[in-house]
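Participant: My questions are about this predicted structure, shown below with the sequence.
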Amino acid sequence: MNEFPLDLVQLQHVLDYLNDGVYLTDRRRRILLWNRKAEEITGWKGSQVVGRRCRDGLLEHLDAYGHGLCRSNLCPLARAIRTRSASQEPVLVYARCADGRRIPVSTSVAPLRDEAGRVVGGIEVFRDESSRMADLEFARRVQRHVLPGRLPGSEAIAFEVGYYPHDLVGGDFYWLRELRPNLFGCMVADVRGHGVSAALYTMVLSSYLSGAGSLVEEPGRLMGALNQHLEQLTVAESFASAVYLVLDGDAWTLRYSNAGHPPPLLLDARTGEVRELAAHGPFLGMFLPQEYEETRLDLPERGALLAYSDGAIEVRGRDGEEFGLERLKAYVRGQSSRRGFPARFYRHLTRVSAAVALPDDLLLLLARLRRNATRLRPRRAPERR
């Protein structure tokens, strides 16, 4: 620890005056400095933590869904050191206190550099968020309640969904129903922004679709009616992109309408071709009146259909380039035939991302297609984070 190139005595003196918890580590994430507020928030004294790592029976951070971070590639501080970049927004995690309690803390992380610019460690600043978490937890439970539980499907058309919100609640939304035997309707939408305000807007989408009656079998008309409904409610430039798809397992056709949403991808497994399903009109809730076109096409004998939010393509790598549509196409071509696609793709994005945490909500809805197969019981609930 004596080889650390920064003056820890002077830093300790300065950081003890801050009203946020702060600790510094070396490149191996061994704690070198632990300020006064960190002791106050967690109950851990400096003498107990200096020289140890978070995962060594100390904070042992969890994400908001109970997954351990300190031993994974999702640890915010480890990512900051490895990617040589600071977090752009606070990341919510749960830390273990000295008395065994778990408390929510918002953390900001950054690499530490020496005079030559070499990364020599990391710094984490954290704040106790216990006082505001009750409302967020309630909003999270409400949002999870309106999202589908067990997914419908058949062996001919089997669905998988993965939803990974940036915060406890998010602005991505999906709706999936078996409208009548072997006919499935599904929507993927992305409300402007994320967090509680965006999540409230998704409740409106869910409520409308649940009461839309026979419109759910007509994508173009549904989008037009939904746009009119949302335009009347839109405030402060709120709007949503969305795509609505109807898959017919008897006629083996797809009908869809797209309102400014990233194009779903349709894979023909026999040829390897991945087709983009382009947009038909503008975002929902912005312009009135507005008609939305509907496209009808035949489904491939074998393949996959992926609808997703823009969090799947806008993640930037260390070279500054977005992951992009072409890389997503290649991933669908190579990976969509295997079960567990959403979780596998999420892990892939975290590996290629240069950010400490994924910057936006991520939603993936995959329909795996195999014609002339028999009926199947509903699949298990989708993965959510």
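Facilitator: It's in.
Participant: any idea how far residue 111 is from residue 117?
Facilitator: Plainly put, residue 117 is 10 Å away from residue 111 if you go by Cβ to Cβ, to the nearest Å. C-beta here means a position set from N, CA and C on the backbone, and glycine is covered the same way.
Participant: Mind pulling up the pLDDT for residue 87?
Facilitator: We have a pLDDT of 88 for residue 87.
Participant: do the same with residue 382
Facilitator: At residue 382, pLDDT is 61.
Participant: now the helices: where do they sit in this protein?
Facilitator: 8-15, 36-42, 46-49, 76-83, 130-146, 196-210, 219-233, 324-335, 341-352 (DSSP state H).
Participant: more neighbours, residue 117 and residue 111?
Facilitator: residue 111 (20 against 7; other Cβ atoms under 10 Å).
Participant: What separation is there between the more buried one and residue 359?
Facilitator: Counting by Cβ to Cβ, the gap from residue 111 to residue 359 is 18 Å.
Participant: show me where pLDDT drops low in this structure?
Facilitator: 1-3, 65, 134-136, 138-149, 168-169, 193-197, 233-238, 289, 356, 373-385 (pLDDT under 70).
Participant: remind me, longest strand of it?
Facilitator: strand 102-113 (DSSP state E).
Participant: separation between residue 249 and residue 336?
Facilitator: 18 Å.
Participant: next one: residue 51
Facilitator: Applying Cβ to Cβ to residue 51 and residue 336 gives a distance of 47 Å.
Participant: Residue 13 now?
Facilitator: Distance from residue 13 to residue 336, by Cβ to Cβ: 56 Å.
Participant: Looking at the two, which one has more neighbours?
Facilitator: residue 336 (23 against 11).
Participant: now that one, nearest residue through space, not along the chain?
Facilitator: residue 304 (3.9 Å; Cβ to Cβ, 6 or more residues apart in numbering).
Participant: Quick check, the one you found in contact with residue 269.
Facilitator: Yes - applying Cβ atoms under 8 Å, one finds residue 304 in contact with residue 269, separated by 7.3 Å.
Participant: Quick check: neighbours shared by those two?
Facilitator: Shared contacts of residue 304 and residue 269 (Cβ atoms under 8 Å, 6 or more residues apart in numbering): residue 337.
Participant: between those two, which one's more packed in?
Facilitator: Between residue 304 and residue 269, counted using other Cβ under 10 Å, the more crowded position is residue 304 (24 against 17).
Participant: so how far is residue 329 from that one?
Facilitator: 11 Å.
Participant: now residue 186
Facilitator: 20 Å.
Participant: And these two? Which one has more around it.
Facilitator: residue 186 (26 against 18).
Participant: which ones are touching that one?
Facilitator: Here residue 186 is in contact with 159, 174, 175, 176, 177, 244, 245, 247, 307, 365, 367 (Cβ under 8 Å, 6+ apart).
Participant: of those, buried ones?
Facilitator: 159, 174, 175, 176, 177, 244, 245, 247, 307, 365, 367 (16 or more other Cβ atoms under 10 Å).
Participant: can I get those residues in JSON lines with distance to residue 165?
Facilitator: Below are those laid out as JSON lines (distance: Cβ to Cβ, whole Å):
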{"residue": "159", "distance to residue 165": "19"}
{"residue": "174", "distance to residue 165": "12"}
{"residue": "175", "distance to residue 165": "16"}
{"residue": "176", "distance to residue 165": "17"}
{"residue": "177", "distance to residue 165": "22"}
{"residue": "244", "distance to residue 165": "21"}
{"residue": "245", "distance to residue 165": "22"}
{"residue": "247", "distance to residue 165": "26"}
{"residue": "307", "distance to residue 165": "17"}
{"residue": "365", "distance to residue 165": "15"}
{"residue": "367", "distance to residue 165": "22"}
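Participant: and residue 338, backbone torsions?
Facilitator: phi -90, psi 140 (degrees, to the nearest 10).
Participant: and it, how many neighbours does it have?
Facilitator: Using other Cβ under 10 Å: residue 338 sits among 9 other residues.
Participant: for residue 290, same thing?
Facilitator: 17.
Participant: and the longest strand of the chain, how far out from the chain's middle?
Facilitator: 19 Å (Cα atoms, centre = their mean, to the nearest Å).
Participant: now swap in stretch 120-130 and tell me
Facilitator: Using Cα atoms, centre = their mean, the offset of stretch 120-130 from its chain centre is 22 Å.
Participant: ok, and what's touching it?
Facilitator: 4-6, 18, 20-27, 29, 32, 38, 41, 76-78, 80-81, 90, 92, 95, 103-114.
Participant: Just the buried subset of the residues you listed, written out for ChimeraX, thanks.
Facilitator: This is the ChimeraX syntax for the buried subset of the contacts of stretch 120-130, where burial follows 16+ other Cβ under 10 Å:
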select :4,6,20,21,22,23,24,25,26,27,29,32,38,41,76,77,78,80,81,90,92,95,103,104,105,106,107,108,109,110,111,112
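Participant: Relative to residue 367, how far out is residue 201?
Facilitator: In terms of Cβ to Cβ, residue 201 sits 25 Å off from residue 367.
Participant: ugh, wrong one, residue 282
Facilitator: As defined by Cβ to Cβ, residue 282 lies at a distance of 26 Å from residue 367.
Participant: And residue 9, by the same measure?
Facilitator: Taken as Cβ to Cβ, the span from residue 9 to residue 367 is 61 Å.
Participant: try residue 276
Facilitator: 16 Å.
Participant: try residue 224
Facilitator: In terms of Cβ to Cβ, residue 224 sits 24 Å off from residue 367.
Participant: Inside strands: which ones of the buried ones among the contacts of residue 186?
Facilitator: Using DSSP E, those in strands are 159, 174, 175, 176, 177, 244, 245, 247, 307, 365, 367.
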